[in-house]
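Enquirer: 3D, please:
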Amino acid sequence: MPICTCTVAFTERGIEHQVDVLAETVYEACALAIKAFERKPHLHGPGRHTTLRLQVKQTQHYEIKVDDFLGWLYDSKPAVDEKQRLRKIRLKGILADDRR
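Expert: Numbering: from 1, shown residues only. Coordinates of the predicted model:
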């Protein structure tokens with residue numbers, strides 16, 4: 001997919017949070033959105049079991065569980081270039097946070 005704007009959202013305690021990111025893939029959008037959510041002072045970001053809702057160019061919608069995204073990102077299969085690039089995005093809270 002070419003670089004495009006993706007709106008990534010999740011709901012926590014009945015409140016929807018969303019950010020817009022520029023990404024080439026839905027997984028890159030997940031990584032960038034998680035990082036953006038972590039930067040918001042009133043949020044800790046989505047937990048591992050949170051489902052992210054992605055809207056690409058207002059036509060394509062995806063739902064990806066954060067746990068599935070992390071499983072794909074850190075599985076034992078050989079890393080592809082995209083995985084290596086996304087692993088460089090520091091996802092501080094979500095890797096240790098199994099509380100949600």
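Enquirer: which residue is nearest the middle of the chain?
Expert: C30 (2.2 Å; CA atoms, centre = their mean).
Enquirer: quick check: that residue vs R48, distance?
Expert: 12 Å (CB to CB, to the nearest Å). (C-beta placed from N, C-alpha, C; glycine too.)
Enquirer: list residues touching both of those two?
Expert: V66 (CB atoms under 8 Å, 6 or more residues apart in numbering).
Enquirer: am I right that A31 sits in a strand?
Expert: No - counting by DSSP: H, G, I helix; E, B strand; the rest coil, A31 is not found in a strand; it is helix.
Enquirer: surely it touches I89?
Expert: Yes - taking contacts as CB atoms under 8 Å, A31 lies within contact range of I89: 4.6 Å.
Enquirer: more neighbours: those two, which one.
Expert: A31 (24 against 13; other CB atoms under 10 Å).
Enquirer: model confidence for the more buried one, exactly?
Expert: For A31, the pLDDT comes out at 93.
Enquirer: what of F69?
Expert: 88.
Enquirer: next up, the contacts around it.
Expert: 27, 30-31, 52.
Enquirer: could you redo the last one with a cut-off of 10 Å?
Expert: When the contact criterion is CB atoms under 10 Å, 6 or more residues apart in numbering, the partners of F69 are 26-27, 29-31, 34, 46, 48, 52, 86, 91, 94.
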